[in-house]
Structure formats: structure tokens, C-alpha cells
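Undergrad: Below: sequence and its predicted model.
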Amino acid sequence: MSRMNIRISGLGGQGAVTAAHLLAMAANKDGKFSISNPFFGAEKRGAPAESYCRIGTERIYDRGELVFPDVIMVFHPQVITMQKSYTAPFYSGIKENGLIIINTSADLLSDEDHKRLEDLNVAVLDHDATKLALEIGRTELSTNMAMIGACAGITKIVSLEALDAALQDRFGKRYVASGGTATLDEAIKKKYAKKEMLLKANMDTIIKGYEIASEWAEKQDLHLVEVG
Amino acid sequence: MNKQVELKNKRVIASNHVKLGQKNQKGQTYTDINDIFYKAKQTPNFLTGSEVIRAAIKVASVGTSVAYPITPQSEAAALIGELYAEGYVDEYFRGESEFAVMGQCAGAAFGGHRVFTTTAGPGTLRAMENFPMWAGARLPIQVCVTCRGINSPLSIQPDTLEMYYLLETGMLIWHAETAQDLFDFILKGFIVAEQPDVHVPIAVCCDGFFVTHTKDTVDLPPDDLCLTPYDPYRNPQPVMDMETAPIRMMRDPFIMKSNYISYATHASWQQEVKAAVERSRKHTIPLLDGLIDEENTDREILIVGSGTAVSQAREAIRLLEEEGIKAGLVKIKTIRPFPYEEVRQATKNAKHIFVPEFNLAGWLAREIKANIPDNERVYVGPHVAGGMTMPSEVIVEEIKKHLGMEVATRGTLG
């Protein structure tokens, strides 16, 4: 049995929950077992929000907060700089040979953080996902897409085809979500004349994130858990 | 205490309703529950628990659903509103509070509708007076309880303490482990609760977020089949409007008479409701394939649980297995009726019985301790509460510690 545990820490409104759902849906489409769930307080933009995605080769029962992740994605610098995460430090529980992807243009880790992560052989990618989202998707609301792309590019845990299909499921059809999520869905749809354009911009952002991260991964000596 | 029910050749006849085989206005065919689950092709879907509630209600021929927003059931309640807009539910509206909602549900059920509602945490407690009222009035209403913390300081996260308060309301209490359970329990719950010799309300409980907001694989039957509607003529007692003879429950409450017969009537009615809950066993056992599920109960170490605790226990058993420690599992599906005899049988070989729970009261451990011999075998825990996760590693550690085994320090930070 092999399994990859992905923990996503972000701020409310950034699409951390959607990101975990998309990764899980894509894994499901790839024929893997997966489960995803969110963790947040009363819905509030800017407040800490986490989500978890577990992908494996056998039926997964484990649910709830992911205490021992293989992969951590940080969607916003404030997760680190303002401690907007459910665990302190934000990488608490990371497994040996793990991976951390941080949405940032600058190194946010202290020397001590670097030392502790190096001791565990954890690879860290500083990935300017918001910049990528603004360039390609023309909205920072696509930050989550740039992050998912990077995660897939490094881990190859889900295929681009499956991510495309998951995107169609999530944004192509009518989707009912809570009030806050529905408002954000509407906001992003208004930015595009047609739904197809939204889907394409999101997929383009995912692909670009995938490519950048794949290139980075080739230069690293990674020993990530393999699923399948 | 309870006689074991023989399963062989038993089959619940959901309905010999005149409508069986006919189509409703949405083109769905009224179908026997056994055929929906065991004959129709089941297709895997990847859905959240809220979406699963919608999928179940779409094929449940619900007459009335009343909504009130409270996390984590709000999405499900909104999705049922969509079904109403699409014509799958006859009546749907928003109540003024959970208390009002449950009263409105009673009204609709008295009127002969199949009634479904959802609530959670503080909402369940606010509505509490209505639950024993439903049971006493023998209304087979279904409430889906998506458990959440109830105490101050505020929490929206899962905590199963509210189920403790529901235990003696006279309702059937079922506890879903996964979204699949939730779908199955909602549909099968209507059928069992509406049997003439049962005819009491049912609370189908699940752990909020861990089920409602989790995307998981669920096998669903085709949605062009649906349950036959509730048949009010199968009600075992005269339809009460609370004022109609011979009951006149509100207008002439027995207690007004202040005599021995009034107390005796009330006491015997409570006994009858309890008996009705017990009678549900024979309908539930074939539909749910038993009130409990067992895995390797010949082993000395057993984990007994309900809801998400079972899922976490499954993972813990995998981890223990990797270390060469063998443990068995008992999943309790119905809390009321409580599977006394089944749990006794399943635990008879166990030397150590662990009861992980997502609440600090440990109500499931109490139920078990009160009903099995040599109950010092029961270890009450591990517990988490207030929305905390119960990592499978924590269950493993607690088991090893209790058994006097060495617990390795985890190589973790923070």
C-alpha cells in the first residue's frame, strides 16, 4: 500500500478547498483512490483555511486534519509570516523526504527552518503562483491552479488530462457550494465572457505551473513517496 | 436480552403500495427498496456528503422538507431547495429556527407527508424538545444530524456529543461512517421508520465535515428509480391532530386528570415507543446487513466504534498490522436500537476492547460497558473533541501504551 498525503494551508477565499477537491477528483479519474476534505472556521475571507488530499493505491478511510503530510502547499505568505496555519510551525509533521511548495517570490524561511527541513531531506520550492495566475489567468483567483500545476509537475501524482477533466466537472457544470464559495465562483466567472474561456485560462495556468515545477524537479535529488 | 433475529430468507417488503411500478411526475419509477439497492446497477460517483444527501433525497419521494441554515448542514439544506425547484420535493421552506423547523416537520408528518430535515450541533439542541414529541406522536420523520460541537466557545467542527442527548428521545439513531453509509441509511431509514410496527422518527447521524465536506467515492443507483411515497394509511394509530378523539393529546392530556391511570398511560406509552424502537431490528437487520459489521473478532484486541472513529480505526489496524499486532474491528451502525446481543457476541473473545470516540463524554464506551460481561476489558478512549482529528497514529499509540508496549517517539517537528 502506498499513499501520498497533501496538506494545503491558505487563506479563506484563495481556493485551498477547491484545490484539494480538484486533486482528489483528478486522482479518482486516473484510477487511484483518493479522499479530500477541508478544515476551516466560520467562513471568512483572509482567515486560515486548510484542506487535505490523500491519494493512494488502496481504499482510504483516513479523514480530518492531516497531521503527517508528505507534501505541504502554502498558498499565501501570511501562512508563514503571520502564522496563519493550524500547526506551528507550518511544516509541523512533515515526513522525511517530503516536499514543500510555497507561493512566494522571496525566501520566507528562517535559517533554523532551512536547517530542520534539510535534516529531514525536505525539498522546498518557492513558486510565485500568484504572479503566474495574474499573467496567464489574469486574476489572482487562479493562484490555486498555479499551485495544483506545480504539485502535479513535481509529484506526477495526477495527470494533466485528469486535471482537465476535474476542472470541467468543477467549473463546467453548475455547481452548488456554500455562500462564500458561490460568491467567489460568480466573481471569477464574471471575469470571462464565456465559461470555456475560464476553463481554458485555468488549465493554461495549471500547465504553466506544471512545466515550471517539472523543470525544477529534474534538477533536484527528490525521494518522494511513489503512489502506484 | 434481545433474541437474535434469523437473517435467512428475510426480506423487508418496502411497500406493497399501489404505486409500485408506476411513474411519478418527474418520470421516476416507484421501486421497492430491495430492488433499488440489490437489483439496480450501482455507479461510482465522487461526491461530498452534502451532495450525497441531495442524491438520496432526489430518489426518496419526500413530501416536505424544512430548512434552517447551520454549518455543516447548510449546503445539504440548500441542495434540497434545488430539488424542490426541480420538482422532486413537494413542499420546502425555511423555518424561523431549528425549534420551529422541527415543529413544522411534525405538522407536515401529521398531515401524511414523508418529512426530511437536516440539523447540526447547537441546532439539534435548540430543537431538542421536539424529538421526544415526534416519538410520542409516532411520527416517522427523518432528521439528518451532521454532528458538530455544541458547547461554548463556538465550534463548527465535528464532535459527536449531541448524539448522547438524542439517545433517549425515542427515535431510531443510526450513525453513518462514510458518505456511502449516509446515502444508504437515509433511504433505508425511511423504510424502517415507516413500518407499521415501528413508526417512530429516525435520526441519521454523520460526523460533520468528515462526511459532509469530504469528497469520497459513493456507489449510487440510477436516479430514475425512487422510493414509493409514504403511505399514511399504514400508520398503526389514528392520525392525530392532537385534538381528535380518542387521543386528544394536547387538548386533554392525560396528566390533566391527575390520577393513577394518567401516569400509567404515559408510562406505558413510553414503553411502547421503546418497544417500537426494538421492533425496528427485524426490518433493519436485512436492510443494513446487521446492526454491526465485524472484522476479525476472534482477535484479542478489538476496536469498537461508530461513525468516523471506525474509519480512523481501520487505518490504525493497518498500521498495527505492519508492526505485527493483530486487532479486530466492530462497527456499530445503529445506536438505537443498540445491538446488545451482537456486541456481546462479537466481543466475547476479546481481552482488550478499545472505544475511540469523537466526544469527551465517551457515551459509546458507557453503552458497551453497561452491556457486556467483564467490562474491565473496555478501555474508554482514545477521545478527541471540539473538532479535533483523531489520527490513526494516536489510536495505535494509545493501544500500545495500554498494553504496556514501547511507544516509539515519532520523528516529527513542532
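TA: Cool, the structure landed. Numbering: from 1, shown residues only, chains lettered A, B, ... in the order given.
Undergrad: can we go C-alpha only for contacts and neighbour counts from here?
TA: Will do.
Undergrad: mind listing the helices for the stretch 151-300 of chain B?
TA: Taking DSSP state H, counting those that start in this stretch as the test, the helices found in the stretch 151-300 of chain B are B:161-166, B:179-193, B:260-279, B:281-288.
Undergrad: Give me the packing partners of the shortest one, helices and strands only.
TA: By that I understand helix B:161-166. Secondary-structure packing of helix B:161-166 (3 or more CA pairs under 8 Å, 6 or more residues apart in numbering or on different chains; DSSP states H and E): strand B:142-147.
Undergrad: Kindly report the same for the second one.
TA: Helix B:179-193 is packed against helix B:33-38, helix B:49-58, strand B:142-147, strand B:202-207, strand B:216-220, helix B:281-288, with contacts defined by 3+ CA pairs under 8 Å, 6+ apart.
Undergrad: Figure out which of the ones you listed is closest to A:E226.
TA: Nearest to A:E226 among the helices and strands packed on helix B:179-193 is strand B:216-220; the distance by CA to CA comes to 21.5 Å.
Undergrad: Please tell me how far the closest one is from the chain's geometric centre.
TA: Strand B:216-220 sits 18 Å away from the centroid of its parent chain (CA atoms, centre = their mean, to the nearest Å).
Undergrad: ok, that strand near chain A or not?
TA: Yes. Counting by CA under 8 Å from any CA of the partner chain, chain A has neighbours in strand B:216-220: B:216-217.
Undergrad: Just give the strands next to that strand in its sheet, each with its orientation.
TA: Partners of strand B:216-220 in the sheet, by DSSP bridges, are strand B:43-47 (antiparallel).
Undergrad: Compute the inter-axis angle for the strand it pairs with and helix B:179-193.
TA: 110 degrees (axes from the mean of the first three to the mean of the last three CA atoms, to 10 degrees).
Undergrad: Please enumerate residues in contact with strand B:43-47?
TA: Strand B:43-47 is touched from outside by A:25, A:28, B:214-222, with contacts defined as CA atoms under 8 Å, 6 or more residues apart in numbering or on different chains.
Undergrad: Stretch A:130-140 now?
TA: Contacts to stretch A:130-140, defined as CA under 8 Å, 6+ apart, come from residues A:103-104, A:141-143, A:145-146, A:201-202, A:204-205, A:208-209.
Undergrad: and what of stretch A:39-53?
TA: So stretch A:39-53 is contacted by A:5-13, A:16-17, A:20-21, A:23-24, A:34-38, A:64-66, A:79, A:84-86, A:180, B:155-157, B:209 (CA under 8 Å, 6+ apart).
Undergrad: Which of the residues you listed fall in helices?
TA: Within the contacts of stretch A:39-53, residues falling in helices by DSSP state H are A:16-17, A:20-21, A:23-24, A:79, A:180.
Undergrad: element containing A:A49?
TA: Using DSSP states H and E, A:A49 maps to strand A:48-56.
Undergrad: In its sheet, which strands sit next to that strand, and in what direction?
TA: The strands that strand A:48-56 pairs with in its sheet are strand A:3-11 (antiparallel), strand A:33-40 (antiparallel) (by DSSP bridges).
Undergrad: Mind checking what helix or strand follows it in sequence?
TA: Going down the chain from strand A:48-56, the next helix or strand is strand A:71-74, by DSSP H and E.
Undergrad: same for that next one, what does it pack against?
TA: Strand A:71-74 sits against strand A:3-11, strand A:99-103, with contacts defined as 3+ CA pairs under 8 Å, 6+ apart.
Undergrad: follow-up on the earlier one: arrange the helices of the stretch 151-300 of chain B in TSV, one row each, with mean neighbour count and mean pLDDT as further columns.
TA: Converted to TSV, the helices of the stretch 151-300 of chain B look like this (neighbours: other CA atoms under 10 Å in any protein chain shown; pLDDT from 0 to 100):
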stretch	mean neighbour count	mean pLDDT
helix B:161-166	20	98
helix B:179-193	25	98
helix B:260-279	16	87
helix B:281-288	21	95
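Undergrad: Could you check how many residues crowd around B:C226?
TA: B:C226 has 28 neighbouring residues, counting by other CA atoms under 10 Å in any protein chain shown.
Undergrad: before we move on, what about A:D169?
TA: If you count neighbours by other CA under 10 Å, A:D169 ends up with 15.
Undergrad: Max pairwise distance over the ones in helices among the contacts of stretch A:39-53: which two?
TA: Pairwise distances across the ones in helices among the contacts of stretch A:39-53 peak at 22.8 Å for A:A24 and A:V79 (criterion: CA to CA).
Undergrad: where does chain B dip in pLDDT?
TA: B:1-17, B:239-259, B:409-414 (pLDDT under 70).
Undergrad: Spell out which parts of it neighbour chain A.
TA: B:46, B:74-75, B:79, B:155-157, B:209-210, B:213-217, B:308, B:311-312, B:314-315, B:388-392, B:412-414.
Undergrad: Among those residues, name the buried ones.
TA: Neighbour-count burial (16 or more other CA atoms under 10 Å in any protein chain shown) applied to the residues of chain B next to chain A gives B:46, B:74-75, B:79, B:155-157, B:209-210, B:213-217, B:308, B:311-312, B:314-315, B:389-392, B:413.
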